[in-house]
Every structure is written in C-alpha cells, then in structure tokens.
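**Q** Next come a sequence and a model predicted from it.
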Amino acid sequence: MNPCRSCLQPLAFFLALATLLLLAAASLAQSTNRQIGTQFTVTADPLVPRPHEQPCVVPLFANYTFAFFADTAQTFPIAPPSGCPGPWKKVVFEADFSENGGRQFDRTATVFFANANIYFGTTPEPLPTLTNTWHIERDVTDYSALLTTPQQGTIILQNCTTDCPAPYNTLLNGIFTVNADLEFYPAAHDGDEEGRGQTAPDQVLPLLQINGTGGINLPATLSSPTDQLSTTFTLPTNTEQAYLDVVSQSQGTDEQWFGCFPNDLASINEVYGCGNTAFRETEITIDGQLAGIAPISPWVYTGFLPDQWRPTPAVQTLDFVPYRVNLTPFASLLSDGQPHTIALSVFNQEDHFSETASLLLLLDKKTTQITGALTRNTLTSPSPVVAETLQGTDTVTGTINVTSKRNYKIAGYVNTSHGRVTTSISQQQKFSGDQTVDFDTVNASVLDQNTSVQTSLSSTTTVSGDEGTTVTRDNFSFPITVDFIFPVSTSRFGFTVATGQKYQASQQISRNGSLIHATSVTNSANASDVSPASSWQTYTSSDSDGGSYNCHIATANNTLTAVSRGCQDRE
C-alpha cells in the first residue's frame, strides 16, 4: 500500500464537492408544485440528493414575515445537533416561501450563516389573488465549518407595503412568509468507506461589505467599476488550498446588462437604457494583483416582463449558483502570516451590482507552516473589441458586436507535510455579445432589438504531488437570447419579447490518466409573452456514478400544462 495514498484524498473529495456546487446538482431551487393546471411557481430543477441515513433536523426559524423596510434583516440562532456530531456526510438547507395574492415587486432574498452567504436568489412576483408558494434547497456541506459551534444567522428580504414611497404605499400589499431548517446527515460507521463524512473546507471566511466592521453582513453594493468588496485577512500559515465562492447580482439599469450598447449608441438603447457595452465580468484581486475571474450570469428576474415567468421563472432566478474561483496557486502567499486583501470588482459595470463572496480554506493539519511560491500568472484585464455596422437615416438598422477572449495560466506550489504539491490552472475566457437593431429615428423608438450573448469559461487544473497527477477539466457557459419587437398594440406592455437561456456546466476529474469522476448539467428555458404567454424548461444532469435526471415542463397562459415522466426527483 502506498503510504501517501491519503495525501491527495482531501483534494479529490473537495473537487467532487466543488463540482456539486458549481454544477448546481447540489445547489438548486425546487418547486414542488408540479401539478398540471397549477399557477403556483414551478421549476424543472431537482431536489438536492440525500444520503439514505435519517437526518437530524434543526429548525432555524418559522413564520418570519417581510412586509416593511424595518423587516429587511432578521436574525436567528444556529446550533449543531447534539444527536448528530460532525463531520457530516451532507448538510442541506431548506426554505419554504409564500406570498399572499396581490401586488408586489420581485425582491432579492439572501441568507447568511455567521456572516457567510449560503443562499442568494430572487422572489417571483405575486399571483393576483392566490397565495403563491415555492421551495428552496441548497447543499451547504462545504460550509459545515460554520456549523460546528453555535452561530447567528441572518435572512435579508427587503420589502415594503404601506411604508413604500408614494404611490406604491397604496398599491403594494404582497407580504412574504418564510420558514427554514437544516438537515444534518450523519456519517456512517467508520468501517464504511463510502459513509464517512466528506472532506469539507476547514475554514469558511466571508468577505464583509464595504466598510464592514462585523455584526450583520449584508450584500455589498458596487456602484462603479472602481468600487470593491474587499476584506483583509491574516490566514492560517498552513493553508494548502483556497477557493472563493462568488455571487454577482446585476441591479438598476445593469439588471439586463446583456442588452447594453456602447456608450456612443446608448442614447438609442430604448429597451435597456444602458451603455458600457454588453460585456461584464467579476474580477478577483489579491493585494491588488489580478488573481481570477468569475463570469457574470445572465439571471432574469420575474419583474422583467412578468407574463413570461408565471408560473415558471427563468434559469436560476429563485436560487443563484455561485461561481467558484480556485485561488490555490496563491496558497503560499496567503500562508506567510501577513495580512492580505482579497477584493472583488465588476469590469465595465454602469449601474450597481450586489456582491457576496466567501473564502474556503483547506489546511494541512500535520504542519503549522507551509512554504512555496506563485510561479506564474499571465491573467490580465480584458480588452473587449467593439464593432458597429449601423446604416440608415430615418430607420437605422444593423448590428453591434462586442467580443472578449483571453487565454492565461496561473500556477504555484506549496511545500506540505506530504511533499510538494503544484497547482497549475489554464483558463480560456470567451465572450460574444451581438445586438441586431431596427430603430426609427423620426419617432425615436425601437422597432426590433435582438440580443444574443455567449459567456463561457473553460479551465484545466493540474495538481501534482507524491501520488501523481490529478487533472480537472471544467466547462461553464450561460448564453441568453432576448428579442424585443415594437410596437404591439395587443400586448400588455406595448411590445412582445421572447427569451432563451441555456446554462451548461461539466467537469471531468482524472488521476494519473484514468477518469475517476464526471458530471454534467444543462438547464434550459424559453419563454414568450406573445398572447397567450408560454414557456418551457428542461433540466438534465448525469454523472459517472450512474446518476441521471431529465425533467421537462411547459406552460401556457400562465398555467402549467405539461410535466415529463423524468421529473421524479432522484434520491
């Protein structure tokens, strides 16, 4: 038996956990309202897969209501279950939402454990007369380090009714009610290799909002490309691996950033009303040095053409999937005992973004100090290229295109208790945004605007140590298409719109040339508000262990009309 066989096991287990989070197979929004004829919010997303063991259920809060600005942030205690000591095989966060019938905007909801974000999503707009309900689940096993001792949690759901600014104080009456709990699944007997608790990060450290000094951590608001969400850490000197989970939510006129024009044409952007082109990305720095990027997901909220999104919202609208950035090549720098500042900013943003991020650390417990070096970092800031081919005077037609493409490599090594471990990350970032426009300059109105945005990031991570070499290949893409047609006299809003999304993520892990694990997820949705409104969503996932899921649902006239047989949630 190789005496170092266990040396890379934490890496392998952690990569599998990272896959679950990245691929949304374990970080999912789920509606249980899959009854033909329902108007309640429904998705094709699966439930979080559970172990067969009986969980210890810890209630977090019950019947918390959000009606006023004063209710925005409410706290709750978190205590580990006395009957299920860790490490746990799996920990699942569950929340049930409801909203009375009436009027209300879609709202952002976030949940924090010990100031670390574990849920970020938005709510659907209410039904006119019926009380709407929906269910959220998230695998939070990677955040188990926050749950070993009593902590404070926070749920934030900014809402208003009679305390809204006029005239909304007399129009809005939607009130949210939320219940939540945690399910702790104990590890099986020590002799059962599969049943042991998975190797989760040893520490989870939140980035606090700008000027944060502790207490309740709120999502940071970044209003310009120079704004940052930053926190200075003095980290453990035996940090062997480091990862950053990032959520970047677009707001204001950047809510539909994928439809923005170059600044010289922003004045004719009647649909979206924004400039700075259609390219955005989140940039991560360590002490001012660019250390990684996270693509901006084109999430669509139910307030943006509500007729499209009843009862099925767009992809991930209810539950955003964070993007995990591998910072392990910088582990030796972060372990030098000195303070280091980790910061996020949004490239090219015009309006504000809400940001959260958490640093996840794996430690070498057999030593108090690791050494090493960052050996390569060719990542540079993007330089998007813009091409405009507009023609005409009274009617202007043509295309606007913005592209960005980079290939870069970041590498480093750490000297650990089990030898030198080298991590090399090669990534390819691609972005293409195309706008086809038909603009009436005489009446200053858009006749047609067709948007197509392709966002992708491919990574190859090579980890070499005493055991050999582990290679992980990740592919992420999240394209969106939106077609606006003006004017349409029969439309509720004076125009019609068709939207398409296709989130795709896959991962393959090989060790010493042999495939040991693979996963794939595709989450697609199409919706149109052409009367009668209609939509469909298809969610498929598979893994090399034989797991698979394939669910398709369809709606018409704001009612669920079809549910495929594959929508039975896998265990």
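**A** Structure received.
**Q** burial of the nearest residue to residue 363 once chain neighbours are set aside, as a residue count?
**A** In space, and not counting its chain neighbours, residue 363 is closest to residue 202: 4.5 Å by CB to CB, 6 or more residues apart in numbering. Using the backbone N, CA and C atoms, a C-beta is placed for each residue, glycine as well. By other CB atoms under 10 Å, 19 other residues sit near residue 202.
**Q** Could you check how many residues crowd around residue 69?
**A** Neighbours of residue 69 under the rule other CB under 10 Å: 12.
**Q** got a pLDDT number for it?
**A** For residue 69, the pLDDT comes out at 96.
**Q** So what does it look like in phi/psi?
**A** phi -60, psi -30 (degrees, to the nearest 10).
**Q** give me every residue that touches it.
**A** 158, 159, 160, 163 (CB atoms under 8 Å, 6 or more residues apart in numbering).
**Q** Low-confidence regions, the stretch 401-550 of the chain specifically.
**A** Applying pLDDT under 70 to the stretch 401-550 of the chain flags residues 489-492.
**Q** brain fart, the chain
**A** 1-32, 189-198, 210-214, 489-492, 569-571.
**Q** ranges for the helices of it?
**A** Assigned by DSSP state H, the helices in the chain fall at 9-23, 331-334.
**Q** what's in contact with the last one?
**A** Contacts with helix 331-334, where a contact means CB under 8 Å, 6+ apart, come from 233, 235, 239-242, 286, 327, 340, 370-374, 412-414, 423.
**Q** In strands only, show me those residues.
**A** 233, 239-242, 286, 340, 371-374, 412-414, 423 (DSSP state E).
**Q** In PyMOL, select just the buried ones from those.
**A** If you want just the buried ones from the ones in strands among the contacts of helix 331-334 in PyMOL, going by 16 or more other CB atoms under 10 Å, the selection is:
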select buried, resi 233+239+240+241+242+286+340+372+374+412+413+414+423
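**Q** The residue nearest to residue 363 and residue 222: what is the separation?
**A** 29 Å (CB to CB, to the nearest Å).
**Q** now do residue 542
**A** For residue 542, the distance to residue 222 - CB to CB - is 37 Å.
**Q** out of these two, which sits in the busier spot?
**A** Here residue 542 and residue 222 are compared on neighbour count by other CB under 10 Å; more neighbours surround residue 222, at 24 against 17.
**Q** In contact with that one: list those residues for me.
**A** When contacts are counted by CB under 8 Å, 6+ apart, residue 222 is found next to 228, 229, 344, 345, 346, 349, 352, 353, 354, 355.
**Q** wait, the fourth one sits on residue 223?
**A** Looking back up the chat, that one is residue 345. No: at 11.0 Å, residue 345 does not count as touching residue 223 under the criterion of CB atoms under 8 Å.
**Q** Compare those two (neighbour count), which wins?
**A** residue 345 (21 against 15).
**Q** which one is the more buried one nearest to, not counting chain neighbours?
**A** Nearest to residue 345 is residue 228, by CB to CB, 6+ apart, at 5.0 Å.
**Q** Likewise for residue 290?
**A** Per CB to CB, 6+ apart, closest to residue 290 is residue 379, 5.1 Å.
**Q** gap between that neighbour and residue 58?
**A** For residue 379 relative to residue 58 (CB to CB), the value is 41 Å.
**Q** tally of neighbours for residue 133?
**A** Neighbour tally, residue 133, other CB under 10 Å: 15.
**Q** Which residues are in contact with it?
**A** 33, 40, 41, 96, 97, 98.
**Q** next one: residue 248
**A** Here residue 248 is in contact with 282, 294, 296, 297, 344, 346, 353, 354, 355 (criterion: CB under 8 Å, 6+ apart).
**Q** again, 10 Å this time
**A** Residue 248 is in contact with 120, 222, 229, 280-282, 294-297, 299, 320, 322-323, 344-346, 349, 353-357, counting by CB atoms under 10 Å, 6 or more residues apart in numbering.
**Q** again, but for residue 247
**A** Per CB under 10 Å, 6+ apart, neighbours of residue 247: 110, 117, 119-121, 219, 282, 294, 297, 299, 320-323, 344, 353-358.
**Q** Tell me how far it lies from residue 113.
**A** Taken as CB to CB, the span from residue 247 to residue 113 is 15 Å.
**Q** Over to residue 275?
**A** According to CB to CB, residue 275 and residue 113 sit 38 Å apart.
**Q** quick one, which of the two is more surrounded?
**A** Comparing residue 275 with residue 113 by other CB under 10 Å, the one with more neighbours is residue 113, at 25 against 18.
**Q** Give me the spatial nearest neighbour of the more buried one, chain neighbours excluded.
**A** Per CB to CB, 6+ apart, closest to residue 113 is residue 146, 4.7 Å.
**Q** okay, now residue 368: neighbour count?
**A** Applying other CB under 10 Å, we find 11 residues neighbouring residue 368.
**Q** returning to that earlier point: wait, the residue nearest to residue 113 sits on residue 111?
**A** No: using CB atoms under 10 Å, residue 146 makes no contact with residue 111, being 11.9 Å away.
**Q** what's the overlap in contacts for these two?
**A** 118, 140, 153.
**Q** Could you dump those residues into JSON lines and include neighbour count and distance to residue 546?
**A** Formatted as JSON lines, these follow (neighbours: other CB atoms under 10 Å; distance: CB to CB, whole Å):
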{"residue": "118", "neighbour count": "26", "distance to residue 546": "29"}
{"residue": "140", "neighbour count": "26", "distance to residue 546": "25"}
{"residue": "153", "neighbour count": "22", "distance to residue 546": "36"}
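**Q** Right, I'll call it a day here.
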